[in-house]
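> here's my sequence, what's the structure:
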Amino acid sequence: MKIGSENNLKIEQIPCLDDNYGYVVHDPETGATASIDTPEVAPINAVLAERGWTLTHILNTHHHFDHAGGNEALKAQWQCRIIGAANDAARIPGIDMRVSDGETFDFGSRSVRVLEVPGHTSGHIAFYFCEEGAVFVGDTLFALGCGRLFEGTPEQMWGSLSKLMALPDETVVYCAHEYTQANAAFALSVEPQNKALQARAKEIDRLRASGLPTVPTSIGRERETNPFVRVHSAHLQETLELSGGDPVAVFAETRRRKDHF
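Model prediction:
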């Protein structure tokens with residue numbers, strides 16, 4: 001992300017519900033302001049009031065209530081424009097603009113690229129702010145984890161994670177839940193020899209003991225420590241008894257074990 005300019009994109013991370021994070025993104029050059037998903041109306045409005053910002057957009061990653069439940073109330077209040085997946089438009093409350101994989105749209109003075117990342121849901125998308133090197137991934141990718149496969153297949157989710165991992169290592173990843181401490185415990189159970197993971201788990205424990213968030217993360221950090229994107233790790237494959245296994249099979253077994261961890 002650009003440093004040292006008052007025109008930098010402003011990103012506010014907002015704790016919502018039990019363990020969600022909402023995000024409010026503001027472009028100082030134009031005043032455009034977006035809520036990335038709408039898990040809870042009151043905390044989003046509190047940030048807008050504190051900053052003196054006017055909500056102009058809602059960018060929905062997927063249709064689940066803890067991501068789109070505040071759409072209609074915020075739209076009624078602010079007359080903002082709701083952007084969501086074209087292939088899931090029927091389930092995005094109040095949608096105005098339908099977007100698909102690879103499309104870009106303008107948000108104020110910025111360009112946002114849409115990445116279709118199905119698996120958690122069939123119509124899940126991520127929003128990549130190209131110039132700033134920031135990606136809002138909803139429930140597809142977590143710090144040290146990935147979303148449950150409620151509607152998609154292992155093949156779809158592995159394809160989605162691979163698409164995200166193709167972004168530059170320094171890309172800042174804004175995920176939607178504070179699941180990292182539990183994810184770390186699982187990650188250590190399947191790749192205990194990973195020194196970077198061991199160090200990260202200790203850092204996570206320190207952060208949570210102080211009541212601090214463990215997100216955002218980065219693509220490079222996840223590549224080093226997140227078992228769901230490390231399917232080529234010999235140690236992970238050995239733990240799963242899938243040495244030399246197909247990447248999708250290794251991912252599927254990792255996800256199966258996490259579901260029962």
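> which stretch of helix or strand covers Arg113?
Using DSSP states H and E, the element containing Arg113 is strand 110-116.
> gap between Gly31 and Gln77?
In this view, Gly31 and Gln77 are 17 Å apart by CB to CB, to the nearest Å. Just so you know, the C-beta spots here come from the backbone N, C-alpha and C atoms, and that holds for glycine as well.
> if we can go back for a sec, what helices or strands is the strand holding Arg113 leaning on?
If contacts are counted by 3 or more CB pairs under 8 Å, 6 or more residues apart in numbering; DSSP states H and E, strand 110-116 sits against strand 104-107, strand 125-129, helix 154-165.
> would you format these as CSV with distance to Val250 included?
Output for the helices and strands packed on strand 110-116, formatted as CSV (distance: least, CB to CB, whole Å):
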stretch, distance to Val250
strand 104-107, 33
strand 125-129, 23
helix 154-165, 9
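> can you redo these as a markdown table with distance to Ile219, mean neighbour count and mean pLDDT?
Formatted as a markdown table, the helices and strands packed on strand 110-116 follow (distance: least, CB to CB, whole Å; neighbours: other CB atoms under 10 Å; pLDDT from 0 to 100):
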| stretch | distance to Ile219 | mean neighbour count | mean pLDDT |
| --- | --- | --- | --- |
| strand 104-107 | 19 | 15 | 97 |
| strand 125-129 | 11 | 25 | 98 |
| helix 154-165 | 6 | 20 | 98 |
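> could you chop the protein up by domain?
Domain ranges of the chain: 10-175, 180-259, per automatic domain parsing.
> out of these, deepest packed?
Comparing the domains of the chain by mean neighbour count (mean count of other CB atoms under 10 Å), domain 10-175 ranks first with a mean of 20.
> mind listing what Leu167 touches?
Going by CB atoms under 8 Å, 6 or more residues apart in numbering, Leu167 touches 128, 135, 219.
> switch to 6 Å and redo it
The contact partners of Leu167, taken as CB atoms under 6 Å, 6 or more residues apart in numbering, are Ile219.
> three-state assignment of it?
Leu167 falls in the coil class when you classify it by DSSP: H, G, I helix; E, B strand; the rest coil.
> pLDDT weak spots in the chain?
1-6 (pLDDT under 70).
> got the contact list for the strand holding Arg113?
Strand 110-116 is contacted by residues 27, 99, 101, 103-105, 125-130, 163 when judged by CB under 6 Å, 6+ apart.
> please repeat the previous calculation with a cut-off of 7 Å.
Residues outside strand 110-116 that contact it (CB atoms under 7 Å, 6 or more residues apart in numbering): 9, 27, 99-105, 125-131, 163.
> one more: stretch 90-106?
Against stretch 90-106 from outside (CB under 7 Å, 6+ apart): 60, 63, 68, 71-72, 75, 81-87, 89, 111-116, 123.
> can you show me the CA trace of that stretch as PDB?
What follows is stretch 90-106, C-alpha atoms only, in PDB (Å, rounded to 0.1, in the frame of the first residue of the first chain):
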ATOM      1  CA  ALA A  90     -30.800 -13.200  -6.400                       C
ATOM      2  CA  ARG A  91     -29.400 -13.700  -3.000                       C
ATOM      3  CA  ILE A  92     -27.700 -10.200  -2.500                       C
ATOM      4  CA  PRO A  93     -30.300  -7.900  -0.800                       C
ATOM      5  CA  GLY A  94     -30.700  -4.600  -2.700                       C
ATOM      6  CA  ILE A  95     -28.100  -5.300  -5.400                       C
ATOM      7  CA  ASP A  96     -27.700  -2.600  -8.000                       C
ATOM      8  CA  MET A  97     -24.600  -3.600  -9.900                       C
ATOM      9  CA  ARG A  98     -23.700  -7.100 -10.900                       C
ATOM     10  CA  VAL A  99     -20.100  -8.000 -11.500                       C
ATOM     11  CA  SER A 100     -18.200 -11.100 -12.700                       C
ATOM     12  CA  ASP A 101     -14.700 -12.600 -12.600                       C
ATOM     13  CA  GLY A 102     -12.000 -10.400 -14.100                       C
ATOM     14  CA  GLU A 103     -14.200  -7.300 -14.400                       C
ATOM     15  CA  THR A 104     -13.000  -4.000 -13.000                       C
ATOM     16  CA  PHE A 105     -15.000  -1.100 -11.800                       C
ATOM     17  CA  ASP A 106     -14.200   2.400 -10.500                       C
END
